[in-house]
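A.B. asks: coords below, sequence missing:
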């Protein structure tokens, strides 16, 4: 479950919403102005129980409106979606009068007195599997997968069987260098 503020929840329930995209490739940050499109493909588990082989590898495909240089395979990509929790384009608050010299100025509406504020939530962390710069079209298409990309190597077990699913999962995590979530991992049956 994502932890968000009450402002975020209220903004999601509002009639009018403004979204922003923030994608980081390596150490460079891109916003919606740098992106033609992006498609996220994901899921959680298939079936009614958690078992080895029942989870999805989430992925993302992004088309940038420029050529991205020096993007290597397995470069880290983080994707965030933001919602305007305060939208300066739609909130015009009256500002009390101020003295200018000895004259008094009436009420004025200041546009962008307080800038638009976005609250972001992470869609995930991915690793580049394919980067296709198209110099003719001046765009780059990037494909990336989640950490399951590190589990694509051959797995040769060193356990004595029969073994519990928990022991198998722990061995796979250790061999792949994956960091386990202790809370979730403790729910795997023994």
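C.D. replies: Structure's in. What do you need? Note that the structure is predicted; figures quoted are calculated from it, not measured. Numbers count the residues shown, from 1 in each chain.
A.B. asks: what bits of this structure have low per-residue confidence?
C.D. replies: 1, 46-47, 49-54, 90-113, 190 (pLDDT under 70).
A.B. asks: which residues of it fall in strands?
C.D. replies: With strands called from DSSP state E, the chain shows them at 19-25, 28-31, 35-41, 59-64, 76-86, 94-95, 99-100, 103-104, 108-109, 117-134, 139-145.
A.B. asks: can you put those in TSV and add mean neighbour count and distance to residue 159?
C.D. replies: Every residue, glycine included, has its C-beta placed from N, CA and C. Shown next, in TSV, are the strands of the chain (neighbours: other CB atoms under 10 Å; distance: least, CB to CB, whole Å):
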stretch	mean neighbour count	distance to residue 159
strand 19-25	18	38
strand 28-31	14	43
strand 35-41	13	33
strand 59-64	20	30
strand 76-86	18	31
strand 94-95	11	70
strand 99-100	8	80
strand 103-104	8	82
strand 108-109	10	70
strand 117-134	16	28
strand 139-145	20	27
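A.B. asks: can I get these in JSON lines with distance to residue 161?
C.D. replies: Compiled in JSON lines, the strands of the chain are given as follows (distance: least, CB to CB, whole Å):
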{"stretch": "strand 19-25", "distance to residue 161": "42"}
{"stretch": "strand 28-31", "distance to residue 161": "47"}
{"stretch": "strand 35-41", "distance to residue 161": "34"}
{"stretch": "strand 59-64", "distance to residue 161": "32"}
{"stretch": "strand 76-86", "distance to residue 161": "36"}
{"stretch": "strand 94-95", "distance to residue 161": "73"}
{"stretch": "strand 99-100", "distance to residue 161": "84"}
{"stretch": "strand 103-104", "distance to residue 161": "86"}
{"stretch": "strand 108-109", "distance to residue 161": "73"}
{"stretch": "strand 117-134", "distance to residue 161": "32"}
{"stretch": "strand 139-145", "distance to residue 161": "30"}
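A.B. asks: nearest to residue 10, out of those?
C.D. replies: strand 76-86 (7.7 Å; CB to CB).
A.B. asks: angle of the closest one against strand 19-25?
C.D. replies: Angular relation of strand 76-86 and strand 19-25 on a 0 to 180 degree scale: 160 degrees, by axes from the mean of the first three to the mean of the last three CA atoms, to 10 degrees.
A.B. asks: now strand 76-86 and strand 35-41, what's the angle there?
C.D. replies: 110 degrees.
A.B. asks: who touches strand 76-86?
C.D. replies: By CB atoms under 8 Å, 6 or more residues apart in numbering, the list of residues contacting strand 76-86 from outside reads 5, 7-8, 10-12, 17-26, 38, 40, 60, 62, 114, 116-128, 142, 144.
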